[in-house]
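**Student:** Whatever this is, show me its structure:
(one chain, ligands or ions: 1)
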Amino acid sequence: MLNFDKARFIKIQSGAVAIADKIRPLMREVLGAGIERIYFMGTGGVQLLTFPAIELAARYTTFPVSACFPAQVILDPPAGLNEKALVVMPSLSGTTKESVALLPFLKERGVRLMTLTGHADTPLAQQADFTYTNFAEDDTSSESFYLQTMIIVLALLAETGKIDDFDAVVSELKTLPGLLADAKAAYEDDAAKLAQSIKDEPYHIFTGAGAVWPEAHYYGMCILEEMQWIRTRPVHAADFFHGTLELVEPGVSVFLFKGEDALRPLGERVERFVHRYTDKVWILDSASAALPGISPRVRSLISPVVLATLLERLSAHLEVLRQHPLTTRRYYKRVEY
Ligand SMILES: N[C@@H]1[C@@H](O)[C@H](O)[C@@H](COP(=O)(O)O)O[C@@H]1O
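**Tutor:** The predicted structure is shown next:
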């Protein structure tokens, strides 16, 4: 595989799943201390990676689990942001300024803060009530944060009696890192071909529904826009028919992500439509990954993890073919804003 270190990948994703060993007692403790709601507050793309976990919570419980933009919270905080709230703040760098700016604000209000970072020697890791650090980089952080936030919500559901298979799910997840590496290897040739096909494409529509919708949004915004400077339009598959469909015509590129949860039919509806009007339809389907030993129940949860893993292969080829390193930025954390 091009520019891929299998041992490093497996170590990082195993480190993400290992949060399971710590999170049940922690969740028990915070619930016992009177926590009545959870907010995920990541800045930018990392927050998108929490959305499948938030949807998972909504499917099983009325316990409030929601998402807020840190930069918005400072200006206009939600009513429940007080000592009954737990804020979970993911940040790979641990230094993103909008998130760091929230720290004193949360402290003043007596909010409990749990951070998930890639580096222990950072403000977000050091100034939290609880922290979990799992080293990752841009090429591995998506799966890592999807898995960690999903396990946090599974722990909430388990500790509030909404699910009884936490241990069974976690034991399947522990096998996942190696399976994901195999899925990358199986996808490598297709990734190289897809990169060749789209390398000069100036614009893509990205769509999907359910747990894979945030990945469509993330891949468009954080990889193609930020790291390749390619224009994208992420749109939820349910909204596709309420505006964006009018832009589809021969030559327009549409990426459709398909997952394995109950919302798969929304993606299939887009699929039936776009094939009629453009020749450039690229479908990424988590169901195409083999993942031996993973149950349908767990597969439905990890569809975005699988797609992130396959898409990293596409990015690896794109940066080489386009001679545009994924690390090049004009403005992001380079100029003042
Ligand atoms: N496109 C990037 C994301 O990929 C990143 O997640 C986010 C926050 O960075 P961090 O996770 O370091 O807080 O910044 C930008 O939005």
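**Student:** how close does the residue nearest the centre of the chain sit to residue 12?
**Tutor:** Here the mean C-alpha position of the chain is nearest to the C-alpha of residue 49 (Cα atoms, centre = their mean), at a distance of 2.4 Å. Residue 49 is 14 Å from residue 12, where distance means Cβ to Cβ, to the nearest Å. Any C-beta I mention is one placed from the backbone N, CA and C, and that applies to glycine too.
**Student:** hmm, back to that, quick check: the closest residue to the residue nearest to the centre of the chain other than its chain neighbours vs residue 167, distance?
**Tutor:** Residue nearest to residue 49 in three dimensions, not counting chain neighbours: residue 145, with 4.1 Å by Cβ to Cβ, 6 or more residues apart in numbering. In this structure, residue 145 and residue 167 are separated by 22 Å, where distance is defined by Cβ to Cβ.
**Student:** Comparing those two, which shows the higher neighbour count?
**Tutor:** Set residue 145 next to residue 167 and count neighbours by other Cβ atoms under 10 Å: residue 145 wins out with 28 against 10.
**Student:** Contact partners for the more buried one?
**Tutor:** Counting by Cβ atoms under 8 Å, 6 or more residues apart in numbering, residue 145 makes contact with 16, 42, 46, 49-50, 90, 92, 116.
**Student:** Flag every residue of this protein that's near the ligand.
**Tutor:** Where the chain comes near the ligand, counting by Cβ under 6 Å from any ligand atom, the residues are 43-46, 91-93, 96, 99, 222, 226.
**Student:** Serialize these to CSV and add fields for pLDDT, secondary structure and neighbour count.
**Tutor:** Putting those into CSV (pLDDT from 0 to 100; DSSP: H, G, I helix; E, B strand; the rest coil; neighbours: other Cβ atoms under 10 Å) gives the following:
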residue, pLDDT, secondary structure, neighbour count
43, 98, coil, 20
44, 98, coil, 18
45, 98, helix, 21
46, 98, helix, 25
91, 98, strand, 28
92, 98, coil, 26
93, 98, coil, 18
96, 98, coil, 23
99, 98, helix, 25
222, 98, helix, 19
226, 98, helix, 19
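**Student:** and the two most separated of the residues you listed?
**Tutor:** The two members of the residues of the chain next to the ligand with the most space between them (Cβ to Cβ) are 99 and 226, at 17.1 Å.
**Student:** just to revisit the earlier point, restricted to strands, list the contacts of residue 145.
**Tutor:** 90, 116 (DSSP state E).
**Student:** between the contacts of residue 145, which is closest to residue 214?
**Tutor:** Relative to residue 214, the closest of those is residue 49; by Cβ to Cβ it sits at 6.6 Å.
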